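Trainee: Fold the following.
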Amino acid sequence: MTRLDIHQLVSPHFDRDEGPARKAIYLCTTPRTASFTLCRYMVGQGWGIPNEYYSPHVARILAARWGVAGDLRTDEAARVAYGQELLRRRAAGGFFAAKLMAAQTRFFNQVHPYGFDATVENHFIHLHRDGFAAQVASLVAAANTNRWSFSDAKTSVRILDLRLDRESVERACRLVINSERFWMMAFAEQGIRPLEVSTEALVTDPRGVVESIAERIGRPVNEAVLSDLIGQERGNAYPVDRALKQDIITTYGDVLERFAAERRAAYEPGAAAPRP
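Mentor: Just a heads-up that it's a prediction; the model follows:
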């Protein structure tokens with residue numbers, strides 16, 4: 001199986017017309033958690049076609065291809081129509097799956113004004129990263145190089161206005177912390193008990209992570225496909241910008257440690273809720 005990136009997952013190759021899904025999986029996460037690695041494992045298992053469908057950029061691409069009339073930025077009816085097409089055209093194997101960032105939840109609520117579909121079996125995965133400094137360094141590096149995937153492919157526009165300076169590193173730290181706090185509070189308020197998965201576990205024990213998801217959603221694991229994908233991921237670790245990331249950690253180590261301490265005081269990664 002080919003190692004898929006975000007651009008391939010948006011392509012028409014993955015459009016379907018299976019009708020409404022019976023189950024939904026929402027991968028709730030923050031930037032730079034190896035979330036697309038988990039998406040690839042899920043695609044390989046036939047558990048939907050997870051992608052950032054609630055990114056306005058991705059939504060505009062798909063809506064245009066699917067003939068959704070109207071401007072998603074201003075037209076409420078267009079957003080709802082996109083949501084309906086999305087659930088129909090991106091269901092696979094009985095699953096609809098999506099990767100969801102905290103910053104994308106406002107658009108999610110506009111696309112699905114009645115919230116998560118109560119007529120399907122909804123499952124939630126909370127993917128968090130324990131290594132705070134590495135996560136922030138990866139975020140700042142990606143924002144400066146426009147490389148957000150494992151390949152050398154670059155985005156055509158700057159996604160985040162983060163520079164290689166102290167103020168930008170501080171803003172990146174706050175973005176990560178605030179995003180994690182958002183998910184903890186959202187889960188607590190809605191009574192959701194997500195499956196907790198760390199980036200570190202995904203990297204060191206991908207089989208265990210996939211098996212835990214399979215148990216949660218009640219599906220068997222395709223061992224042959226999983227073994228193939230594990231080999232691809234381990235043989236193709238994110239190779240780009242390693243020196244830049246290390247330089248960020250070295251240069252701004254005091255900033256990273258200060259915010260890491262703030263994070264530890266506020267919550268533990270993967271905890272059910274932030275500390276009062």
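
Trainee: So, low pLDDT: which residues of the stretch 101-250 of the chain?
Mentor: For the stretch 101-250 of the chain, the stretches with pLDDT under 70 are 151-152, 156-157, 235-240.

Trainee: Now do the helices in the stretch 51-200 of the chain.
Mentor: Applying DSSP state H, counting those that start in this stretch to the stretch 51-200 of the chain gives helices spanning 56-65, 76-89, 105-111, 132-145, 166-190, 199-204.

Trainee: Dump the ones you listed to a markdown table, plus mean neighbour count.
Mentor: In short, each C-beta sits where N, CA and C put it, glycine included. As requested, the helices of the stretch 51-200 of the chain are exported to a markdown table (neighbours: other C-beta atoms under 10 Å):
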| stretch | mean neighbour count |
| --- | --- |
| helix 56-65 | 16 |
| helix 76-89 | 18 |
| helix 105-111 | 17 |
| helix 132-145 | 22 |
| helix 166-190 | 17 |
| helix 199-204 | 17 |
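
Trainee: tell me the contacts of residue 98?
Mentor: The contact partners of residue 98, taken as C-beta atoms under 8 Å, 6 or more residues apart in numbering, are 24, 25, 26, 27, 48, 50, 51, 52, 53, 54.

Trainee: Spatially, which two of these are the most separated?
Mentor: For the contacts of residue 98, the farthest-apart pair by C-beta to C-beta is 24 and 52; their separation is 15.4 Å.

Trainee: quick one on the thing from earlier: so can I have CSV of the contacts of residue 98 showing neighbour count?
Mentor: Shown next, in CSV, are the contacts of residue 98 (neighbours: other C-beta under 10 Å):
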residue, neighbour count
24, 21
25, 23
26, 21
27, 28
48, 25
50, 27
51, 24
52, 21
53, 25
54, 25
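
Trainee: So which of those is the closest to residue 12?
Mentor: Taking the contacts of residue 98 together and measuring to residue 12 by C-beta to C-beta, the closest member is residue 51, at 13.1 Å.

Trainee: quick one, phi psi at the closest one?
Mentor: Dihedral pair for residue 51: phi -160, psi 180, per degrees, to the nearest 10.

Trainee: Just give the closest residue to it, not the sequence neighbours.
Mentor: In this structure, residue 51 finds its nearest non-sequential neighbour in residue 9, 4.6 Å apart by C-beta to C-beta, 6 or more residues apart in numbering.

Trainee: Give me the neighbour count for that neighbour.
Mentor: Neighbour count of residue 9, defined by other C-beta atoms under 10 Å: 21.

Trainee: element containing it?
Mentor: For residue 9, the element it lies in under DSSP states H and E is helix 6-10.

Trainee: Who are the packing partners of that helix?
Mentor: If you count contacts as 3 or more C-beta pairs under 8 Å, 6 or more residues apart in numbering; DSSP states H and E, helix 6-10 packs onto helix 35-45, helix 56-65.

Trainee: contacts for the first one?
Mentor: Defining contact as C-beta under 8 Å, 6+ apart, one finds that helix 35-45 is touched by 1, 3-6, 9, 25, 27, 29, 48-51, 97, 99, 125, 127, 149, 197, 202-203, 206, 209-210, 213-214, 219, 221-222, 225-226, 228-229, 233.

Trainee: need the helices of the stretch 51-200 of the chain in CSV with distance to residue 160, can you?
Mentor: Supplementary listing: the helices of the stretch 51-200 of the chain in CSV, determined by distance: least, C-beta to C-beta, whole Å:
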stretch, distance to residue 160
helix 56-65, 13
helix 76-89, 24
helix 105-111, 17
helix 132-145, 4
helix 166-190, 8
helix 199-204, 19
